[in-house]
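Novice: My questions concern the predicted model and sequence given below.
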Amino acid sequence: MKVDKVLEGDYAVIDVRSPGEYRKGSIPGAINIPLFDDEERTLIGTLYKKEGSGEAKKRGIEVVSGKLADIYRQVEAVEQGGKEVVVFCARGGMRSGSLVQLLSSLGHRVHQLEGGYKAYRRYVLENLDVLVGSKKVVVIHGNTGTGKTELLRMLQHKGFPVVDLEHMANSRGSIFGTVGLGEPRQQKDFEALLFNRLKEIDKDYIVVESESPRVGRVYLPNRLVEGMKAGVHILVECSLDKRIRRIVDEYIGIIPQDDVLEEIRDSIIRLRGELGSKKTDTLLELLQLGNYEEIVRILLKEHYDPKYDHSEKRYDFSLRLRSDDLEQCAEAIEEFLGELEGRQR
């Protein structure tokens, strides 16, 4: 089955590659049922190079034969969702092909993805720029804590074509960006999620938050970066005290956890070169005391705001709003977007 047909349909997708391959990137929503673990895959790959495909196949059969009952149970569990199943491996070769043949012989409706994950990646990369280029970009700007992410979520909930880049990257896009979030997203998975979201949007514009070309570990497509620069720009502003309160509220539920405190401590230490030893030590002392409001105040005034103010001078804003009241701010943006849609018809 070709990639476009899989993406247009409603299938349960199974990735039979090793856990390591799966972690580096997969089709969004795919369930990992590996035929080989990472060590077994390495061993079989080495056999293939040194002794040829025959020996590698024999070893592969030996490894998989002991797992077939468990693999079969996992596939059956996926099928209980009522969807037809599509199986893929790296290139649409032996791993996925063998499992599809076995399951088909047992009466299951199972398909193999032609070309495997490699074909899927090629399809995404070939079409991502086209999708990005077809959309005008509305960019919401504002200093840290002005509520940009909350505004995006409110707008998306009301049906506007929002693309939440930070959510896709699993990073807030700053030195504290992954605190409490776990591992940031890999580039391949980010691009897949972005592709899926753009494919869902039937309007000729998208709404994003202002970002640098890199968010966490991932890089935005060049065409999106260019579209953001040339797009429609909205600036939201907010009082310092309100911004501090919002940031503290966002982190307060996770701060008591020891691992989160360690993440914050590490992030502060990484700022030593920029803030200097004295200020960094002050922040570490405040962290020890639990004075989170003062930590945020210092970071906003000494780190975030100066950087942001410098970068935002290049834009002409079509709309300037106060975001102390997020509901009112969202309503004003809704009205603006409605007028924008009307002009584009």
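Specialist: Everything's here; your move.

Novice: mind listing the helices for the stretch 201-345 of the chain?
Specialist: Counting by DSSP state H, counting those that start in this stretch, the stretch 201-345 of the chain has helices at residues 222-229, 240-252, 258-270, 272-275, 277-289, 292-299, 305-312, 326-344.

Novice: meant to ask about the stretch 1-150 of the chain
Specialist: All helices of the stretch 1-150 of the chain, identified by DSSP H, counting those that start in this stretch, fall at 3-8, 19-24, 38-51, 53-65, 68-79, 94-105, 116-133, 148-157.

Novice: lowest-confidence stretch among those helices?
Specialist: If you rank these by mean pLDDT, helix 53-65 sits at the bottom with a mean of 82.

Novice: Quick one: list the elements packing against that one.
Specialist: Packing partners of helix 53-65 (3 or more CB pairs under 8 Å, 6 or more residues apart in numbering; DSSP states H and E): helix 38-51, helix 94-105. (C-beta placed from N, C-alpha, C; glycine too.)

Novice: CA atoms only: put the last one into PDB for me.
Specialist: Going back to what we said before, that points to helix 94-105. Output in PDB follows, covering the C-alpha atoms of helix 94-105 (Å, rounded to 0.1, in the frame of the first residue of the first chain):
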ATOM      1  CA  MET A  94      12.000  -8.500   5.000                       C
ATOM      2  CA  ARG A  95      10.800  -7.500   8.400                       C
ATOM      3  CA  SER A  96       7.400  -6.000   7.500                       C
ATOM      4  CA  GLY A  97       7.000  -8.300   4.500                       C
ATOM      5  CA  SER A  98       7.500 -11.500   6.500                       C
ATOM      6  CA  LEU A  99       5.000 -10.500   9.200                       C
ATOM      7  CA  VAL A 100       2.400  -9.400   6.600                       C
ATOM      8  CA  GLN A 101       2.700 -12.800   4.800                       C
ATOM      9  CA  LEU A 102       2.300 -14.700   8.100                       C
ATOM     10  CA  LEU A 103      -0.700 -12.700   9.300                       C
ATOM     11  CA  SER A 104      -2.400 -12.800   5.900                       C
ATOM     12  CA  SER A 105      -2.000 -16.600   5.700                       C
END
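
Novice: and the angle from that helix to helix 53-65?
Specialist: Helix 94-105 and helix 53-65 are oriented at 50 degrees to each other (axes from the mean of the first three to the mean of the last three CA atoms, to 10 degrees).

Novice: Which residues in helix 94-105 does the neighbour count mark as buried?
Specialist: Of all the residues in helix 94-105, those buried under the rule 16 or more other CB atoms under 10 Å are R95, S96, S98, L99, V100, L102, L103.

Novice: mind giving me a markdown table with these and columns for distance to Q80?
Specialist: A markdown table is the format used below for the buried residues of helix 94-105 (distance: CB to CB, whole Å):
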| residue | distance to Q80 |
| --- | --- |
| R95 | 23 |
| S96 | 21 |
| S98 | 23 |
| L99 | 18 |
| V100 | 19 |
| L102 | 19 |
| L103 | 14 |
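
Novice: Tell me the one of the residues you listed nearest C238?
Specialist: S96 (51.4 Å; CB to CB).

Novice: How about the contacts made by the closest residue to D15 other than its chain neighbours?
Specialist: Spatial nearest neighbour of D15, chain neighbours left out: A30 (4.3 Å); criterion: CB to CB, 6 or more residues apart in numbering. Contact analysis of A30 by CB atoms under 8 Å, 6 or more residues apart in numbering lists V13, I14, D15, Y22, F88.

Novice: And V225, by the same measure?
Specialist: P213.

Novice: Next one: it, what pLDDT does it get?
Specialist: At V225, the pLDDT recorded in the model is 96.

Novice: Check G253 too.
Specialist: G253 carries a pLDDT value of 66.

Novice: ok so, going back, dump the helices of the stretch 201-345 of the chain into TSV; add distance to M168 as well.
Specialist: Formatted as TSV, the helices of the stretch 201-345 of the chain follow (distance: least, CB to CB, whole Å):
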stretch	distance to M168
helix 222-229	12
helix 240-252	18
helix 258-270	21
helix 272-275	27
helix 277-289	30
helix 292-299	25
helix 305-312	21
helix 326-344	21
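
Novice: Which one of those has the poorest average confidence?
Specialist: Lowest mean pLDDT within these: helix 305-312, at a mean of 77.

Novice: Give the buried residues for that helix.
Specialist: Across helix 305-312, burial judged by 16+ other CB under 10 Å covers D305, Y308.

Novice: cool, and stretch 145-163?
Specialist: Buried residues in stretch 145-163 (16+ other CB under 10 Å): 145-149, 151-155, 160-163.

Novice: how many neighbours does the residue nearest to D38 when sequence neighbours are not counted have?
Specialist: Closest residue to D38 apart from its sequence neighbours, by CB to CB, 6+ apart: G20 at 4.3 Å. Using other CB atoms under 10 Å, G20 is surrounded by 13 other residues.

Novice: Thanks again, I'm all set now.
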